[in-house]
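[1] Give me a model of this one.
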Amino acid sequence: MSVNWHDQSPIYRQLKEKVQAMILDGVLKPGDALPSVRQIAADYQINPITVSKAYQELVDESLVEKRRGIGMYVTEGASDKLLATERQRFIEEEWPAMLDRIRRLGIGADELLAQMKRGQTKGDES
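    Here you go, the predicted structure:
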């Protein structure tokens, strides 16, 4: 797990978002163990309480589960649940802002679709 901390949000939230991204990307799968709180704290030179807070939020959202004495594990269905949540958040929060900007810039649907197709072609070539 590679992380570059920034000042725009608390470190625990950035860590939580990194784990969420790893679940969405399939890097962490159901049943996979998360690194221990101590390991993450040592590796990234952050307070163990910060790591615990990030992990606890993941537990609260049922994305990971605590197994007493052995650690934290990704739950079954975590990816599907996270994907549904992220899609909903995108539609409700991010898309309206993007749509406003698209309209403000006068970009038409045809231009957006053409750009999307060019992007897909570039991705297919690599």
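
[2] tell me, how many neighbours does residue 34 end up with?
    By the measure other C-beta atoms under 10 Å, the count of residues near residue 34 is 21. (Glycine included, C-beta is placed from N, CA and C.)

[3] check contacts around it.
    Counting by C-beta atoms under 8 Å, 6 or more residues apart in numbering, residue 34 touches 19, 28, 55, 64, 71, 72, 73, 74.

[4] Out of those residues, which sit inside strands?
    Members of these lying in strands (criterion: DSSP state E): 64, 71, 72, 73, 74.

[5] now the last one: how far from residue 19?
    Just to be clear, that refers to residue 74. Taking C-beta to C-beta, to the nearest Å as the measure, residue 74 falls 9 Å from residue 19.

[6] same thing with the third one?
    Counting by C-beta to C-beta, the gap from residue 72 to residue 19 is 9 Å.

[7] neighbour-wise, which of these two wins?
    Using other C-beta under 10 Å, the more surrounded residue of residue 72 and residue 19 is residue 19, with 25 against 21.

[8] pretty sure the more buried one contacts residue 27?
    No: here residue 19 lies out of contact with residue 27, judged by C-beta atoms under 8 Å, at a distance of 9.5 Å.

[9] In space, what's closest to residue 78 - neighbours in sequence excluded?
    Leaving aside its chain neighbours, residue 78 sits nearest to residue 63 (4.4 Å; criterion: C-beta to C-beta, 6 or more residues apart in numbering).

[10] Poorly predicted segments of this protein, please.
    In the prediction, the chain carries residues with pLDDT under 70 at positions 1-2, 121-126.

[11] so which strand or helix has the residue nearest to the spatial centre of the chain?
    Closest residue to the average C-alpha location of the chain: residue 21 at 2.9 Å, with C-alpha atoms, centre = their mean. Following DSSP states H and E, one finds residue 21 within helix 11-24.
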